[in-house]
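Undergrad: I'd like to go over a predicted model; first the sequence, then the structure.
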Amino acid sequence: MKLAAQEGLIPGRDLKEKLDNAAKFGFQGIEFWGGGIENRVEEIIKATENHEVKPSTICAGFGGCLLDPNRSERERAMNDIKKLLKAAADIGAVGLIVVPIFGGPRIPDLSPYKSAIELERELLILQLKELGDYAAEVGAYILLEPLNRYETHFLRRLRDAVEICKAVDKPYVRIMADFFHMNIEEPVIADSIREAGEYIKHVHLADSTRLLPGHGHTDFKSGFKALKEVGFDGYMALECGVPGDPFEELPKTVKYLRECMEG
Ligand code: LER
Ligand code: MN
């Protein structure tokens, strides 16, 4: 398992300096925000091709919403997601993190025909079939991210996202697991990881406080053990607040996470 950090967490005046610092701190990967990344593809390829720190993933950054009642909003999300998948493939990242919807449902409840949730599920599956074919064509995963109940009503547990993957039935539609959300939604994080198994292609790391691991009560050791058991060998990217000086805190965090990995 490889450690990564979101670009914004790493100090540095430009990408080169951030990559150098990330390497010094002990990271192997860097996760980019998707917004505007199409204009950075060349810069990223140039900076990372001969660097030990590689692009791990692209996190969201698309417009529109796949589950909006307005067709133009759905089409905007579809087009943006395709562009970001292409960018992910071009920079050599594993894939693009996709949250299907934040907040409550936007689609009206059409009971007794179908509830909003049933409509959302069917609509998402249809769109992911098309996106899944595109993802396979370019070679970058769509990484569905379950969030906690305060951020979405829809995909909250790993098993919700796995169920969607099974219904979509496309090899490039998979899931990611964020320890911050799992700490709220999963009864036993390690069991949920074992159940999701090989569907997990990426991980986000934050403690229960949304600060660096070690600044809360999340049990990373048992979660990492379960990830190892299911054969996960991808990136785990920090997505959290850094309390204090990153030059001191980030190497400390890497050391702590390596200890947790060793069990
Ligand atoms: C939001 O809480 C989150 O975890 C992000 O990764 C969403 O893209
Ligand atoms: Mn996350």
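TA: On my side now, so go ahead. Keep in mind the model is a prediction, meaning the values are calculated, not measured. Ligands and ions are numbered 1, 2, ... in the order given.
Undergrad: Name the nearest residue to residue 184, ignoring sequence neighbours.
TA: Of all residues not flanking residue 184 in the chain, residue 148 sits nearest, at 4.0 Å (C-beta to C-beta, 6 or more residues apart in numbering). C-betas here are computed from N, CA, C, even on glycine.
Undergrad: Checking the one you found next. Helix, strand or coil?
TA: coil (DSSP: H, G, I helix; E, B strand; the rest coil).
Undergrad: what sits against it?
TA: Residues in contact with residue 148 (C-beta atoms under 8 Å, 6 or more residues apart in numbering) are 156, 180-181, 184-185.
Undergrad: what's the pLDDT at it?
TA: Per-residue confidence (pLDDT) for residue 148: 98.
Undergrad: Please determine how far it is located from ligand 2.
TA: Distance of residue 148 to ligand 2, given as C-beta to the ion, to the nearest Å: 10 Å.
Undergrad: ok so, going back, just the buried ones from the contacts of residue 148?
TA: 156, 180-181, 185 (16 or more other C-beta atoms under 10 Å).
Undergrad: Kindly reformat these as CSV containing pLDDT and secondary structure.
TA: Formatted as CSV, the buried ones among the contacts of residue 148 follow (pLDDT from 0 to 100; DSSP: H, G, I helix; E, B strand; the rest coil):
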residue, pLDDT, secondary structure
156, 98, coil
180, 98, helix
181, 98, helix
185, 98, helix
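Undergrad: tell me which parts of the stretch 151-263 of the chain are close to ligand 1?
TA: 151, 178, 204, 239 (C-beta under 6 Å from any ligand atom).
Undergrad: what's the burial count for the closest residue to ligand 1 within the chain?
TA: Nearest to ligand 1, among the residues of the chain, is residue 60, at 4.3 Å (C-beta to the nearest ligand atom). Other residues within reach of residue 60 by the criterion other C-beta atoms under 10 Å amount to 17.
Undergrad: Could I get the full set of strands for this protein?
TA: Remark: strands assigned in the chain by DSSP state E are 2-6, 29-33, 54-59, 95-98, 141-144, 173-178, 200-205, 235-238.
Undergrad: Just checking: what are the partner strands of the fifth one?
TA: I take that to be strand 141-144. Its sheet considered, strand 141-144 pairs with strand 95-98 (parallel), strand 173-178 (parallel) by DSSP bridges.
Undergrad: Can you tell me which of those is packed in deepest?
TA: Scoring those by mean neighbour count under mean count of other C-beta atoms under 10 Å gives strand 95-98 as the most buried, with a mean of 28.
Undergrad: doesn't residue 166 make contact with residue 125?
TA: No - the pair residue 125 / residue 166 is not scored as a contact, 10.0 Å apart, by C-beta atoms under 8 Å.
Undergrad: Looking at the two, which has the bigger crowd around it?
TA: Between residue 125 and residue 166, counting by other C-beta under 10 Å, residue 125 is the more crowded of the two (18 against 11).
Undergrad: Skipping its backbone neighbours, what lies nearest the more buried one in space?
TA: The nearest residue in space to residue 125 (C-beta to C-beta, 6+ apart) is residue 167, at 5.0 Å.
Undergrad: What count of nearby residues applies to that neighbour?
TA: 14.
Undergrad: And residue 83, by the same measure?
TA: Neighbours around residue 83, by other C-beta under 10 Å: 15.
Undergrad: out of everything not next to it in sequence, what's closest to it?
TA: residue 38 (5.8 Å).
Undergrad: what residues are up against the one you found?
TA: For residue 38, the contacting residues are 83-84, 87, by C-beta under 8 Å, 6+ apart.
Undergrad: about what we covered before: per-residue pLDDT, the residue of the chain closest to ligand 1?
TA: Reported pLDDT for residue 60: 98.
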